[in-house]
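J.: Here is my input; please provide its structure:
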Amino acid sequence: MQTMTLARSSRATGLAAGACALFLSGASASAQTLVENSAEVRFQLDLHVPDAALTPLLPPGFTLNVAAQGPAKDCNLRAIFVDRLTVNGPDGKPVGKGSNRLVYLAAPVKDASGANAQVVIGGLTADAADAPGPFGNYLLATTATARRAIGGEGLAVTETQDWVFQAASGEHLEMHIAFERGVSNRGTASDTKFYSSKDASKVQISKQEQVLEILRNATTNPPDKVKAFSFTASGGSYAKLFDGTEKPVSWDNISWMNRSVSVP
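T.: Just a heads-up that it's a prediction; the model follows:
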């Protein structure tokens, strides 16, 4: 009889804990407000830039979170080139012009609580309505060019991408790459917090599902699919970050991404 009582008590405790977890999960989800959904094509260039130039740009209480191993080893800054094919609100209707092209710089960090996050250092955007944007540090791009060309025969596919962004104040980010496209893994949806470097109260929660292919990596040494590559970054507020010592460490093609953005 005693054993049965204990079992019932344990089961009741478990049910109560489960109900509590579900309640907290629901409360957490409801605390977020959906801002938009988007379908995107991206190219992510992982870089190592001078820590002495990057660290002062982080909000108080934030620290760099540089991987010591794996494909992101030594990366302290990412240049992410984005072609936002569609941008839709929670009601499904287009937001603003309904599409955009931009490049932004993001650093992997530990936030003030010690959680993994990203800090958006800045960006160049083609849409004037997106400057200064959600993080308060996007600049309007006077030049915003994105071109992709796909060729090949049979199952052999080659792709060329050309991205050029320039602001009136001198900030310049440009990348040209040609590569042989292969097979990619589909990543599961995950939540990442993105903070502004200027104001940590400006935060977005990005949930994204994507197909990413590592074309070249300095650490894991996958088959090198890059046939031609150049990257130029300079000018204005980016001058100290890109002083000529910057070094690419991973070349990642994101053939598609479905992304939802929420705010706390």
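J.: domain parsing for the protein?
T.: Listed domain ranges for the chain are 1-31, 33-263 (source: automatic domain parsing).
J.: among the ones you listed, which gets the worst mean confidence?
T.: Mean pLDDT is lowest for domain 1-31 out of the domains of the chain, coming in at a mean of 43.
J.: quick one: contacts for K110?
T.: 62-65, 116-117 (C-beta atoms under 8 Å, 6 or more residues apart in numbering). Quick note: C-beta positions are derived from backbone N, CA and C, even for glycine.
J.: Dig out what it forms beta bridges with.
T.: T63, N116 (DSSP bridges).
J.: do T232 as well
T.: In this structure, T232 bridges to E174 when assessed by DSSP bridges.
J.: neighbours around it, how many?
T.: Using other C-beta atoms under 10 Å, T232 has 12 neighbouring residues.
J.: quick one, what contacts F81?
T.: Contacts of F81 by C-beta under 8 Å, 6+ apart are 42-45, 103, 146, 161, 163, 173, 175.
J.: oh sorry, the question was meant for I150
T.: 157-159, 181.
J.: Now tabulate those residues in TSV and tack on secondary structure and neighbour count.
T.: Listed next are the contacts of I150 as TSV, based on DSSP: H, G, I helix; E, B strand; the rest coil; neighbours: other C-beta atoms under 10 Å:
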residue	secondary structure	neighbour count
V157	strand	13
T158	strand	15
E159	strand	19
R181	strand	17
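J.: What about T63, how many residues nearby?
T.: 12.
J.: I'd guessed it sits against P108; true?
T.: No - using C-beta atoms under 8 Å, T63 is not in contact with P108; the gap is 10.3 Å.
J.: I figured A168 hits L140, correct?
T.: Yes - contact criterion C-beta under 8 Å: A168 and L140 qualify, at 7.5 Å.
J.: quick one: which of these two has more around it?
T.: Each of A168 and L140 has its neighbours counted (other C-beta under 10 Å); L140 has more, 18 against 11.
J.: How much space separates the more buried one from Y104?
T.: 13 Å (C-beta to C-beta, to the nearest Å).
J.: just G61 next, same as before
T.: Remark: distance between G61 and Y104 (C-beta to C-beta) = 22 Å.
J.: These two: who's more crowded?
T.: Y104 (23 against 12).
J.: Would you mind listing which of the contacts of K110 are buried?
T.: 62, 65, 117 (16 or more other C-beta atoms under 10 Å).
J.: Need those residues in a markdown table (columns: distance to I254).
T.: As requested, the buried ones among the contacts of K110 are arranged in a markdown table below (distance: C-beta to C-beta, whole Å):
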| residue | distance to I254 |
| --- | --- |
| F62 | 25 |
| N65 | 21 |
| A117 | 20 |
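J.: of those, closest to V87?
T.: In terms of C-beta to C-beta, no member of the buried ones among the contacts of K110 lies closer to V87 than A117, at 23.0 Å.
J.: That closest one against D191, yeah?
T.: No - between A117 and D191 there is no contact under C-beta under 8 Å: 10.3 Å.
J.: Nearest to D199, out of the contacts of I150: which one, please.
T.: E159 (37.5 Å).
J.: Quick check: bridge partners of that closest one?
T.: Bridge pairing for E159 - DSSP bridges - gives I150, F179.
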